[in-house]
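Q: okay, structure incoming, though there's no sequence with it:
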């Protein structure tokens, strides 16, 4: 890689606010120059990615993959319930009353289905956040280990 491209890549990685641990403080305990610090951070960043398979510069902002929004819910349930209720009511002699009961029941079931979809989506988001947090912690440990091995005090 040409020197200019390496320098640009180094500046991009070092300047990126999410490329390294948010709360990691690194002190050059052996008097390392700024140039050496930048190179060490870059090399340790790449090593940590290799060790953990996680790259915080490519991580999303803790958002789970988009889930399909809950569809239908109460209105769809009410419509279906009214249709079923009308048929049942017609058999019993009062289609209107059957449709009303069916619509109310269908709306209630549709609302419950929608609430269940929302709970599932929230659980998926929580699981995604937990997994991302664990990966970030592992990356931070690897980065800290590398920097300490190169003579930095890391807090």
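A: Done, it's in. Owing to the predicted nature of the structure, the values given are computational and were not obtained by experimental measurement. Numbering: from 1, shown residues only.
Q: remind me which residues of this structure are low pLDDT?
A: For the chain, the stretches with pLDDT under 70 are 1-22, 60-78, 80-90, 92-93, 95.
Q: residue ranges of the helices in it, please?
A: 3-15, 34-52, 74-92, 95-149 (DSSP state H).
Q: which of those helices sits closest to residue 155?
A: Proximity to residue 155 (C-beta to C-beta) singles out helix 95-149 among these, at 9.1 Å. Quick note: C-beta positions are derived from backbone N, CA and C, even for glycine.
Q: how is the protein partitioned into domains?
A: Following automatic domain parsing, one gets these domains for the chain: 3-62+136-154, 74-129.
Q: list the buried residues in stretch 144-155.
A: Under the neighbour-count criterion of 16 or more other C-beta atoms under 10 Å, stretch 144-155 has 144, 146, 147, 150, 152, 154 buried.
Q: so what's the residue count around residue 118?
A: When neighbours are counted by other C-beta atoms under 10 Å, residue 118 registers 14.
Q: what sits against the closest residue in space to residue 25 that isn't next to it in sequence?
A: Spatial nearest neighbour of residue 25, excluding adjacent residues (C-beta to C-beta, 6 or more residues apart in numbering): residue 155 at 4.5 Å. Neighbouring residues of residue 155 by C-beta atoms under 8 Å, 6 or more residues apart in numbering: 24, 25, 27.
Q: who touches the first one in this structure?
A: The contact partners of residue 24, by C-beta under 8 Å, 6+ apart, come to 140, 143, 144, 154, 155.
Q: what separation do you get for the first one and residue 131?
A: Residue 140 sits 15 Å away from residue 131, taking C-beta to C-beta, to the nearest Å as the criterion.
Q: please identify which of these two sits among more neighbours.
A: The residue with more neighbours, out of residue 140 and residue 131 and counting by other C-beta under 10 Å, is residue 140; that gives 20 against 11.
Q: that's all I had, so thanks and see you.
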